[in-house]
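Novice: Quick one, fold the following:
(chains A and B)
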Amino acid sequence: MKLLEYQAKQRFAAAGIAVPPGRLARTPEEAADAARELGRIAVKAQVPIGGRGKAGGIAVVDTPEEAQREAARILAMDIRGYPVRSVWCETGLSIDSELYLGITLDRDRRRLAIIFSAAGGMEIEQVAEEAPERIAKLWPDPFAGPHPFEIRQLAFAGFEHAPELRSRVPKLVTSLVALTKRLYEVATSLDAVTCEINPLVLTQDGDLVAADGKLEIDENADSRHQDVAEELARDATGESGLSGDDPFEVEARKRGLTYVHLDGDIGCIGNGAGLTMNTLDLIKQHGGEPADFLDIGGGANAERVRNALEMVLLDPKVRGVFINIFGGITRGDEVARGIIAARDQLHISKPLVVRMTGTMEEEGRRLLEAAGIVPAKTATEAAATIVALTRHRTS
Amino acid sequence: MSVLVDRSSRVVIQGITGREGSFHTGQMRAFGTNVVAGVSPGKGGSDQEGVPIFDTVAAAVASTGADVSGIFVPPAFAADAIMESAAAGIELTVCITELIPVHDMIRAREFVIRSGHQLLGANCPGIVTPGQCKVGIIPNHINTPGPVGIVGRSGTLTYEVIQGLGQAGMGQTTSVGIGGDPVMGLSFPDVLQRFADDRETRAVVLIGEIGGSDEENAAAWIRETGFDKPVVAFISGRTAPPGKRMGHAGAIISGNTGSAQSKLDALTAAGADIADTIEDVVRLTAVRLGTHPR
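Specialist: Numbering: from 1, shown residues only, chains lettered A, B, ... in the order given. Below is the predicted model:
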């Protein structure tokens, strides 16, 4: 799950990382109170995606009245499918320079990478592309964490191409050692796959302050961070703040299904991630467009299959469904029973094509045939059939 | 010949009393795997269908000489189970459990490497050497001995390939599922190296998917080492949209990395035959083995 800016900053602050003074407001009145207390502030929409500034979700205000008016406007916004439920009101900074400090999962190294650059304020991916020499990286020992000498190396390397900061580098490096250790603590204690301060502002007073915060928790560790989830449920749409903009994906999560919504019109159900991806590929190879990715996983029973089929058919664009099952732990007869139950209960009249092989495949096929559903012999044949059947209906 | 496991492997199952652990222990024994012990903290001294259960892996190793472990414990405890296995001196730990937090996996993987042992997985279907030993959940009936080595990230697609090759009369030396997580133990090059060293493996099928750069790294390894056995490669997720996690934690195209095309290009440049479908995998493998007219 992705944390909102205020959640990230509260956690940074708790770890001893400097952030601008700020208050969370869920009503225009609370924003006015924040302005009375803090003076000139930025009112910032709290949504779990980027690009809110461009969308008009950030306003700088001088008075409580202005704060109230702007907060009312922003709280009524919907930014790329995310209704704004709260605004973060914080004081501005006197900026000297913008730096970057982030921690992310490095798949190739199979460790966390700590990334530092003196070129902050823009997307780090863009810096990596345009000026890779300005990025310094460190892959700390996962048991010991980053050692001070490693962080110094990282920082000196990151400042190498920033001559304008040369005189201040020694002091900055000392500050960065403490700051980086704290950020690493935040990242590991929260199971973060992304933990980023961008920009990390060097103020005119020479302090390093986290002006923005991005934190994403590993989905597999969500259950360890219920407090974050509860806050998110209050301040963002979708119970996890993840792809809350797609109602079908939200519904699938409620049903406990691994589902990705796509643009096409052929529903796809498979068992196993690779096989289900391959199911989508086959549809496309035969000229069709998949409507979804739905992996029922290993050992699915009839009820899970019924649930999956019902889920796929919620999307009105779906004109037919391809079910591709390789029975290992999953049993063909169970799958067949689920398909037949779904068809009869939901009165499905759209074409269903089932490819089934493996454990109990004969019994599964017999059940399907008896119920008037023709099983296909191979996945390729099944893909061709469902594409033909759904195309036929258009013409 | 075979890689990683064979009939001399002595297997301990961690989490043997759980639902998955007990069911698959039965399957592995039916396959012929020599399951010498189970581990379930607090249940030491009992047995499960004749397999002695120990409280710790160390005790299981001391009593039975187990050298391979299969892990079926829930995700919250799996990383600890992996480290326990390696610390007890288990040479190959196979972790089937999925949904393990990635920070846990980073540490567990590092721990196993430092102990000088091997980790397969997590979130993998395991490994099978037909006729000798199976550790994991690959269906029993599809495996036949033969000259092909299989290494894949996806479980069910690996089964598809095993079955397809088998029906065409091409069995396997060993089939290895490395798993669908972003941080895993053995990777493609590690397994390819073992197939390189195995005299009886005459061709390799590599089953990759979108996400990360492991297939590209495999291609680079093939080029750099001059790996001279034929490789047939299959990549799933060719039509997956960027930014969407396709079931596996690792199957996601992020920014410029992880697309199927990049993997196909790299593997083509390394001299691999690219298969577009499972039927293609079977056909191309037959051609490369010379059992099928071109």
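Novice: And the pLDDT at the residue of chain A found nearest chain B?
Specialist: When distances are taken as CB to the nearest CB, chain A approaches chain B most closely through A:Gly274, which lies 2.2 Å from it. Just so you know, the C-beta spots here come from the backbone N, C-alpha and C atoms, and that holds for glycine as well. The score at A:Gly274 is 92. That number is its pLDDT.
Novice: And it, its phi and psi?
Specialist: A:Gly274 adopts backbone torsions of phi -60, psi -40, taken as degrees, to the nearest 10.
Novice: hang on, isn't it packed against B:Tyr159?
Specialist: No: if you go by CB atoms under 8 Å, A:Gly274 and B:Tyr159 don't touch, sitting 9.7 Å apart.
Novice: Compare neighbour counts for the two and give me the winner.
Specialist: Set side by side, A:Gly274 and B:Tyr159 give different neighbour counts by other CB atoms under 10 Å in any protein chain shown, the larger being at A:Gly274 (32 against 28).
Novice: give the contact list for the more buried one.
Specialist: Applying CB atoms under 8 Å, 6 or more residues apart in numbering or on different chains to A:Gly274 gives the contacts B:152-158, B:180, B:207, B:209, B:236-237, B:247-248, B:251.
Novice: Indicate the residue of the stretch 51-200 of chain B located nearest to chain A.
Specialist: Using CB to the nearest CB, B:Ser154 is the residue of the stretch 51-200 of chain B that sits closest to chain A, at 2.2 Å.
Novice: Which parts of the stretch 51-200 of chain B are strands?
Specialist: Ranges of strands in the stretch 51-200 of chain B, per DSSP state E, counting those that start in this stretch, are B:51-54, B:68-71, B:92-95, B:118-121, B:126-129, B:133-136, B:145-152, B:172-177.
Novice: wait, doesn't B:Gly255 sit right on A:Ile124?
Specialist: No: between B:Gly255 and A:Ile124 there is no contact, the gap being 10.4 Å when judged by CB under 8 Å.
Novice: what about the two, which has more around it?
Specialist: More crowded of B:Gly255 and A:Ile124, by other CB under 10 Å: A:Ile124, with 19 against 12.
Novice: Report the backbone C-alpha coordinates of whatever helix or strand A:Phe12 lives in in PDB.
Specialist: Counting by DSSP states H and E, the element that carries A:Phe12 is helix A:5-14. Extracted as PDB, the C-alpha positions of helix A:5-14 are listed here (Å, rounded to 0.1, in the frame of the first residue of the first chain):
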ATOM      1  CA  GLU A   5       2.300  12.400   2.100                       C
ATOM      2  CA  TYR A   6       1.200  13.300   5.600                       C
ATOM      3  CA  GLN A   7       1.500   9.700   6.800                       C
ATOM      4  CA  ALA A   8       5.000   9.500   5.300                       C
ATOM      5  CA  LYS A   9       6.000  12.800   6.900                       C
ATOM      6  CA  GLN A  10       4.600  11.800  10.300                       C
ATOM      7  CA  ARG A  11       6.700   8.700  10.200                       C
ATOM      8  CA  PHE A  12       9.800  10.600   9.100                       C
ATOM      9  CA  ALA A  13       9.300  13.100  11.900                       C
ATOM     10  CA  ALA A  14       8.900  10.300  14.400                       C
END
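Novice: what comes into contact with that helix?
Specialist: Around helix A:5-14, the neighbours that count as contacts under CB under 8 Å, 6+ apart are A:3, A:19, A:22, A:24, A:44, A:46, A:86, A:88, A:182-183, A:186, A:190, A:197, A:210, A:212-215, A:228, A:231-232, A:235.
Novice: so how far is that helix from its chain's centroid?
Specialist: In terms of CA atoms, centre = their mean, to the nearest Å, the centre of helix A:5-14 is found 18 Å from the chain centre.
Novice: Give me the mean pLDDT for it.
Specialist: Computed over helix A:5-14, the average pLDDT equals 96.
Novice: Over to stretch A:283-298?
Specialist: When pLDDT is averaged over stretch A:283-298, the result is 93.
Novice: Do that stretch and chain B come into contact?
Specialist: Yes: if you take CB under 8 Å from any CB of the partner chain as the test, stretch A:283-298 does meet chain B, through A:283-285, A:290, A:293, A:295, A:298.
Novice: For B:Met184, see how far away the nearest residue to A:Gly272 once chain neighbours are set aside is.
Specialist: The shortest distance from A:Gly272 to any residue other than its chain neighbours is 2.9 Å, reached at B:Thr156 (CB to CB, 6 or more residues apart in numbering or on different chains). Here the criterion is CB to CB, to the nearest Å. By it, B:Thr156 lies 17 Å from B:Met184.
Novice: Okay, domains of chain B per the record?
Specialist: Residue ranges for the structural domains of chain B, counted by automatic domain parsing, are given in the record as B:11-121, B:144-289.
Novice: contacting residues around B:Glu98?
Specialist: When the contact criterion is CB under 8 Å, 6+ apart, the partners of B:Glu98 are B:75, B:122-123, B:180-181.
Novice: Quick check: closest non-adjacent residue to A:Val321.
Specialist: Nearest non-adjacent residue to A:Val321 (CB to CB, 6+ apart): A:Gly267, at 3.8 Å.
Novice: Low-confidence regions, the chain specifically.
Specialist: Using chain A. Segments of chain A classed as low confidence (criterion: pLDDT under 70) are A:236-245, A:392-395.
Novice: To clarify, I was referring to chain B.
Specialist: By pLDDT under 70, the weakly predicted segments of chain B are B:1, B:292-294.
Novice: what do you get if the cut-off is 90, keeping everything else the same?
Specialist: Chain B contains residues with pLDDT under 90 at B:1-2, B:19-20, B:241-257, B:290-294.
Novice: Any idea what the residue most central in space within it is bridged to?
Specialist: What sits nearest the mean C-alpha location of chain B, by CA atoms, centre = their mean, is B:Gly177, with 2.3 Å. Here B:Gly177 sits in beta bridges with B:Gly126, B:Gly152, as judged by DSSP bridges.
Novice: just to revisit the earlier point, from the contacts of B:Glu98, which single one is nearest B:Ser9?
Specialist: Checking these against B:Ser9 by CB to CB gives B:Ala122 as the nearest, at 19.4 Å.
Novice: Check whether the closest one really touches B:Cys95, as I assumed.
Specialist: Yes: the pair B:Ala122 / B:Cys95 is scored as a contact, 3.8 Å apart, by CB under 8 Å.
Novice: anything in contact with each of these two?
Specialist: B:71, B:78, B:82, B:179, B:185.
Novice: one step back: B:Ser254 versus the residue lying closest to the residue of chain A closest to chain B once chain neighbours are set aside, what's the distance?
Specialist: For A:Gly274, ignoring the flanking residues on the chain, the nearest one in space by CB to CB, 6+ apart is B:Ser154 at 2.2 Å. Taking CB to CB as the criterion, B:Ser154 is separated from B:Ser254 by 19 Å.
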